[in-house]
Structure formats: C-alpha cells, structure tokens
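1. sequence-free structure coming up:
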C-alpha cells in the first residue's frame, strides 16, 4: 500500500475524514462510516490505523448474518457498541441499511454517496433510533472546485430526488421533462468515470462538508 502521506496528498476526503475522526476521538464518541466500495473500505482501514492507531471493523456483504456464527454481523455490532469511548466502524449501507440499530454512535459519515436517497436515509437511521441520547451529526463530504465536480452534481441530484419524492407523497408532483436533464448528465459522467475515460483536472480541488444535525425530541 502507498504511504499514508500519499493518500493525504491525493485525496482531500481522506484527509478530512482523518481530521474529523481525531476530533470525534477527543470527544470520546463513535462514528459510522458508510462506504460500499470494497477497495476503498480496505484503504480506509489502513489510513485510520496509520493515523489513529485504531483498527476499524468492516461490515459488508461478506459478513456472516447467522447468529450462530461467532463473527456474525449482530455480534460484531454489539461488540462495537459495548466498547467504551471512541470507536469507528466502516459499513456498507446495503448490508446494514435495514433492521440494524447502532445507537452508541452519534456521528454518521457518508464517505461514498448512494444514488438512492431513501437508502442513504435508511443508513443514517441506524444511529438515529429510539434510545439515542445524543444529537446525531450527519456528514456529507463533498469535493468542490471552480467547476462543478461529480460530487457536487451528485448532491444536487440526490436533493432533487428527495424533493421529488416529497412532492409525490404530498400529492403535488411538480416535475417536468426538463427536470430530468441533470440525471441524464450525471449518468453520462458516471459512464465516463466507470469505464476510465481520461479526464484531466487542472483546477485546485478543495473539500466542502455538508452537515446535518438531527436531534431526537
């Protein structure tokens, strides 16, 4: 694996994540890190250990779900919640998006965004359940630049989809044909990135964090 410095230099999101986890560690609190990409999960385990000397567990589609197993998903999550003080765990939102409660954590980091905002909200709700006694802070780290980055475009589309869902539930669908242009543009961007079409960035990138604080009353 490349050295930690190279990850910090090449990825502002990784740099931000480590800085944020350090603050959470000082507070003695716990964080859920949602990331569905297996290769990136391994990278995050490495950089978190190198920076914080903390070994993150990873729960994904390979994790045993049978309660009979000593390494089952539920038992590993119970172990995470039972540990005093700081903790962080990397989760696939598709593996723990439903039927799992992790109230010991009050920081939720969507390191990789999902295309489906309903599933993203389901993942957030793992910490935001009955029994949660602290404010839950939800982080959406978003790369910004002088041009519209993929992260920025994706965030806009997710917010649009959330608004569209709300309109449909409220019986006021305001969507028109031209509203789907951003979705088509984003699909084209995703296709180019997925199949590794060269793309040269000459402008400096920076990290912008979208924060949402939710409090249970």
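-> Yep, that arrived. Keep in mind it's a predicted model, so treat the numbers as computed, not measured.
2. contacts, neighbours, all on C-alpha from now
-> OK.
3. and the helices in the chain, which stretches?
-> 4-10, 12-27, 38-52, 73-82, 93-96, 117-124, 150-169, 181-194 (DSSP state H).
4. among those, show me which one is buried the most.
-> Most buried of the helices of the chain, by mean neighbour count (mean count of other Cα atoms under 10 Å): helix 93-96, with a mean of 20.
5. for that one, name the packing helices and strands.
-> With contacts taken as 3 or more Cα pairs under 8 Å, 6 or more residues apart in numbering; DSSP states H and E, helix 93-96 sits against helix 117-124.
6. could you give the angle of the helix it packs on to helix 150-169?
-> Here helix 117-124 runs at an angle of 100 degrees relative to helix 150-169 (axes from the mean of the first three to the mean of the last three Cα atoms, to 10 degrees).
7. show me what the mean pLDDT comes to for helix 117-124.
-> When pLDDT is averaged over helix 117-124, the result is 86.
8. over to stretch 91-99?
-> 78.
9. same deal with stretch 160-179?
-> On average, stretch 160-179 scores 60.
10. and residue 61, which of the helices of the chain is closest to it?
-> helix 93-96 (5.5 Å; Cα to Cα).
11. lowest-pLDDT helix or strand in the chain?
-> Lowest on mean pLDDT, DSSP states H and E among the helices and strands of the chain sits helix 181-194, with a mean of 48.
12. in contact with residue 81, which residues?
-> 102, 103, 104, 105 (Cα atoms under 8 Å, 6 or more residues apart in numbering).
13. was I right to think residue 28 contacts residue 83?
-> No - counting by Cα atoms under 8 Å, residue 28 stays clear of residue 83, with 11.0 Å between them.
14. so what sits against both of these two?
-> With Cα under 8 Å, 6+ apart, residue 28 and residue 83 have no common neighbours.
15. leaving out chain neighbours, which residue sits closest to residue 9?
-> Sequence neighbours aside, residue 15 is the residue nearest to residue 9 in space, at 7.8 Å (criterion: Cα to Cα, 6 or more residues apart in numbering).
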